[in-house]
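1. next one to model:
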Amino acid sequence: MIEKAILKLDESIETHIKVIGTGRGIAANSQSFNELIKARETLCSMQVVTSKVDLIKCEHCGEENTKAMHGRWHGDKCKKK
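-> Below you'll find the model as predicted:
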């Protein structure tokens, strides 16, 4: 989901670069261009954080979940035990 948002931002950034390159509305477009860059940086940092989450594999059903999900629904509490 984050990847799709980053791709859409990349398309918008490319469009803004083309518009700024023509010299029309430089002040207005540069402001929104900076906002797009900041939004992209935020999404990229979120992507890194979510990819570092450790997953635990349930020994009963084989599903991989976060530690919290594993503790709540898997392990000794797994329905497939």
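2. so what does the lowest-mean-pLDDT helix or strand in the chain touch, helix or strand wise?
-> Lowest by mean pLDDT, DSSP states H and E among the helices and strands of the chain is helix 26-51, with a mean of 81. Packed against helix 26-51 by the contact rule (3 or more CB pairs under 8 Å, 6 or more residues apart in numbering; DSSP states H and E) you find helix 2-22. (Glycine included, C-beta is placed from N, CA and C.)
3. tell me which residues of the helix it packs on are tucked away?
-> 6, 9, 12, 16, 19 (16 or more other CB atoms under 10 Å).
4. and stretch 60-72, what's its mean pLDDT?
-> Rounded to a whole number, the mean pLDDT of stretch 60-72 is 90.
5. return the distance of His16 relative to Ser30.
-> Distance of His16 to Ser30, computed by CB to CB, to the nearest Å: 8 Å.
6. swap that for His74, please
-> 51 Å.
7. thinking again about what came up before, pull the most distant pair out of the buried residues of helix 2-22.
-> Farthest-apart pair in the buried residues of helix 2-22 is Ile6 and Val19; separation 20.4 Å (CB to CB).
8. now Lys4: how far from Cys78?
-> 32 Å.
9. do Thr15 as well
-> Using CB to CB, Thr15 is found at 49 Å from Cys78.
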